[in-house]
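# how would this look folded up:
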Amino acid sequence: MAVWTRKSDFFASICILFLFSMVTTDAVAQTTTTETNDFSQHNISRIGTIDITSVLRASKATEKVRVLLDGKREEFQKEFSVKETQLLSREKNLQSKRQAMSEDAYRDEVQKFQDEVAEIQRQIQFRRQSLDNAFQQAQDKIRELTLTIVTEVANERRLDMVLTKDNVLVFRNMLDITEIVLERLNERTKNARLELDDVAPKSDGG
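Modelled structure (predicted):
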């Protein structure tokens, strides 16, 4: 254990320790202040909520697309109903001629018929996938416009963040912007010309 020989050395050491303590405290205070300032720059004080699924489901644009989709499906259903009737007629006709045809000739006719049936089935599957793909693309465009409107509303209300209702447990109704976004979406799409053309489904290769 060290023994201080002079009082001046003792008091000098106390002063050094005191000064060191002050420097350390100031450094910690400065660090805390800096961290607080950095955090305050990213402080989130205004938050909005929205039910995107509800907007897309209730929008008039989506309703129009569904009506178009139902119309397209009805058209292609009628088209293939006619082809189905024709195939049934051909099948009966082929069976009636079986006894009058050679085995090889009958086998060739059956193969041609089966190939045609397979082609019709392929076309039906293609058209269904095409319509589903066209509907999805139309929905994507509506969703893109919806997100643009959400951004506009957030800027107008100076919201720091907008969360979907699925991610929020409790919220005030005054924070919800679902209705105003739906209203603007309907307004912007009321005169829009919506089309739903058959779109070729993506192949497995890309």
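
# Going by C-alpha atoms from here, please, whenever you check contacts or count neighbours.
OK.

# pLDDT of the helix or strand residue 116 falls within, averaged?
Element membership for residue 116, per DSSP states H and E: helix 103-156. The average pLDDT for helix 103-156 rounds to 91.

# which neighbours does the helix or strand just after that helix have in its sheet, and in what orientation?
Following helix 103-156 in sequence order, the next helix or strand is strand 161-164 (DSSP H and E). Sheet pairing of strand 161-164 (DSSP bridges) gives strand 47-50 (parallel).

# helices and strands around the following helix or strand past the strand it pairs with, which ones?
Reading on from strand 47-50 to the C-terminus, the next helix or strand found by DSSP H and E is helix 52-58. Where contact means 3 or more CA pairs under 8 Å, 6 or more residues apart in numbering; DSSP states H and E, helix 52-58 is packed against helix 103-156, helix 178-189.

# in this structure, what spans have low per-residue confidence?
Along the chain, the model assigns pLDDT under 70 to residues 1-44, 167-174, 194-206.

# Now do the helix holding residue 116: which elements does it pack against?
Using 3+ CA pairs under 8 Å, 6+ apart: helix 103-156 touches helix 52-58, helix 60-96, helix 178-189.

# Out of the helices and strands packed on helix 52-58, indicate the one that is most buried.
helix 178-189 (a mean of 18; mean count of other CA atoms under 10 Å).

# and the helices and strands packed on helix 52-58 as a markdown table, adding distance to residue 72?
Below are these laid out as a markdown table (distance: least, CA to CA, whole Å):
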| stretch | distance to residue 72 |
| --- | --- |
| helix 103-156 | 8 |
| helix 178-189 | 21 |
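
# and of those, who's closest to residue 59?
Set against residue 59 and scored by CA to CA, the helices and strands packed on helix 52-58 come closest in helix 178-189, at 6.1 Å.

# The closest one to helix 60-96, inter-axis angle?
Computed by axes from the mean of the first three to the mean of the last three CA atoms, to 10 degrees, the angle separating helix 178-189 from helix 60-96 equals 70 degrees.

# got the angle for helix 178-189 vs helix 103-156?
Using the same axes, to 10 degrees: helix 178-189 against helix 103-156 is 120 degrees.

# how much space between the closest residue to residue 109 other than its chain neighbours and residue 103?
In space, and not counting its chain neighbours, residue 109 is closest to residue 94: 7.7 Å by CA to CA, 6 or more residues apart in numbering. As judged by CA to CA, to the nearest Å, residue 94 and residue 103 stand 13 Å apart.

# just checking, residue 59 touches residue 188?
No - Residue 59 is beyond contact range of residue 188, at 10.8 Å (criterion: CA atoms under 8 Å).

# Provide a list of residues in contact with residue 110.
For residue 110, the contacting residues are residue 94, by CA atoms under 8 Å, 6 or more residues apart in numbering.

# Can you give me the domain boundaries for this protein?
Using automatic domain parsing, the domain parsing of the chain gives 1-32, 47-189.

# Three-state assignment for residue 193, please.
coil (DSSP: H, G, I helix; E, B strand; the rest coil).

# mind starting the numbering at 314 from now?
Renumbered: residue one is now 314, and that last one reads residue 506.

# Residue 443 and residue 414, how far apart?
For residue 443, the distance to residue 414 - CA to CA - is 41 Å.
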